[in-house]
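Asker: pasting a predicted model and its sequence here:
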Amino acid sequence: MEMMTHSSTFLLPSIPPSRGDGSSQTYALVILNQRLPFFAPFLWNHAQLRICADGGANRLHDEMPAMFPHENPFSVRKRYKPDVIKGDMDSIREEVKEFYSNMGTEIVDESHDQDTTDLYKCVAFICDWIPDMDKSNLCVLVTGALGGRFDHEVGNINALYRFPKTRIILMSDDCLIYLLPKTHRHEIIIQSSVEGPHCGLIPIGAPSASTTTTGLQWDLTDTEMHFGGLVSTSNIVLAEKIAVRSDSDLLWTISIRRPQ
Ligand SMILES: Nc1ncnc2c1ncn2[C@@H]1O[C@H](COP(=O)(O)OP(=O)(O)OP(=O)(O)O)[C@@H](O)[C@H]1O
Ligand SMILES: Cc1ncc(C[n+]2csc(CCO)c2C)c(N)n1
């Protein structure tokens, strides 16, 4: 079984070459309609494509200038101009749409589609945009995906399952989550300056008859997990590398550290 390596180097201001996962990732950033995390500028700098999902554009417009209080708000907005705004356009303010449209942002109105979420629409756009040969290196970073309305959170988690072959990382200010597909063994390299120690392994889509880990305070050894029985929450990372192998897709979650 092939190994998949994961590393949250996108949370760092720049990637230290010796700590990266050895592959060159292509990052795309999706900004959802919740408060921007404090590390949003780092994500922005790592990304090659930046998309706001509908009302996410209001957040970028309103909140990014506050992250650079000594700069002119207009200059900040010009520097952080999204490539695309996509969604059903019922939350973006008219003035914000006009502002970015005048600066050259592509506006994609999909108000006719009321069956898929704005995040789904954005990930579908990214998958179409990226050349096939680069798809294996694609990693979609999503801000504002957790916390807030539970129906939205579940819709956001469902996007991980709708695009099971695409690396998608859902983030809030406090934690990140992603899918560990059962088709691979997983090695998670912990960036301990910016993440941990709290973590979880959650069999959300289906029960797991057997999961084995190393590197956690409460490791699993050929352990069964299901809702109604054991799911691994409030676990702690002990090692710099965590290994996970399971017969089911699992959600990995880890806390994000606030700067001191
Ligand atoms: N409170 C929230 N919690 C989690 N995710 C959110 C929340 N609010 C928005 N989002 C995410 O941001 C995206 C864009 O937000 P926006 O408010 O534009 O969505 P919407 O489709 O208009 O929502 P609504 O269901 O209120 O009509 C949503 O599709 C969702 O993925
Ligand atoms: C069974 C079912 N439940 C809910 C919706 C509503 N819905 C799901 S995604 C979406 C777009 C949100 O931007 C909306 C309105 C639906 N269509 N079908």
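Answerer: Structure received. Numbers count the residues shown, from 1 in each chain. Ligands and ions are numbered 1, 2, ... in the order given.
Asker: Three-state assignment for residue 229, please.
Answerer: Three-state call for residue 229 (DSSP: H, G, I helix; E, B strand; the rest coil): coil.
Asker: from ligand 1, how far off is it?
Answerer: From residue 229 across to ligand 1, the span is 28 Å (C-beta to the nearest ligand atom, to the nearest Å). C-beta coordinates here come from the backbone N, C-alpha and C atoms, glycine included.
Asker: okay, now that residue: neighbour count?
Answerer: 9 (other C-beta atoms under 10 Å).
Asker: can you pull the buried residues of stretch 45-58?
Answerer: Residues of stretch 45-58 classed as buried: 46-47, 49-58 (neighbour count, 16 or more other C-beta atoms under 10 Å).
Asker: which of these fall in strands?
Answerer: Counting by DSSP state E, these place 47, 49-53 in strands.
Asker: wait, which of those is closest to residue 70?
Answerer: residue 50 (23.1 Å; C-beta to C-beta).
Asker: could you check how far that closest one is from residue 80?
Answerer: Going from residue 50 to residue 80 by C-beta to C-beta, to the nearest Å gives 8 Å.
Asker: hey, what's in contact with both of these two?
Answerer: residue 44 (C-beta atoms under 8 Å, 6 or more residues apart in numbering).
Asker: rewinding a little: export the buried residues of stretch 45-58 to CSV and tack on pLDDT and distance to residue 230?
Answerer: Below are the buried residues of stretch 45-58 laid out as CSV (pLDDT from 0 to 100; distance: C-beta to C-beta, whole Å):
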residue, pLDDT, distance to residue 230
46, 95, 36
47, 96, 37
49, 96, 39
50, 98, 40
51, 98, 38
52, 98, 39
53, 98, 35
54, 97, 38
55, 98, 38
56, 98, 36
57, 98, 42
58, 98, 41
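Asker: quick one: name the residues of this protein near ligand 2.
Answerer: Proximity of the chain to ligand 2, by C-beta under 6 Å from any ligand atom, involves residues 88, 114-118.
Asker: go again using 8 Å as the cut-off
Answerer: Residues of the chain found near ligand 2 (C-beta under 8 Å from any ligand atom) are 54, 87-88, 90, 113-118, 120, 155.
Asker: care to break this structure down by domain?
Answerer: Structural domains assigned to the chain are 24-173, 174-260, following automatic domain parsing.
Asker: returning to that earlier point: just give me the closest of the ones in strands among the buried residues of stretch 45-58 to residue 142.
Answerer: Residue 142 lies nearest to residue 53 out of these, by C-beta to C-beta, at 8.6 Å.
Asker: so where do the helices sit in this protein?
Answerer: Counting by DSSP state H, the chain has helices at residues 40-46, 56-63, 73-79, 94-102, 118-129, 150-162.
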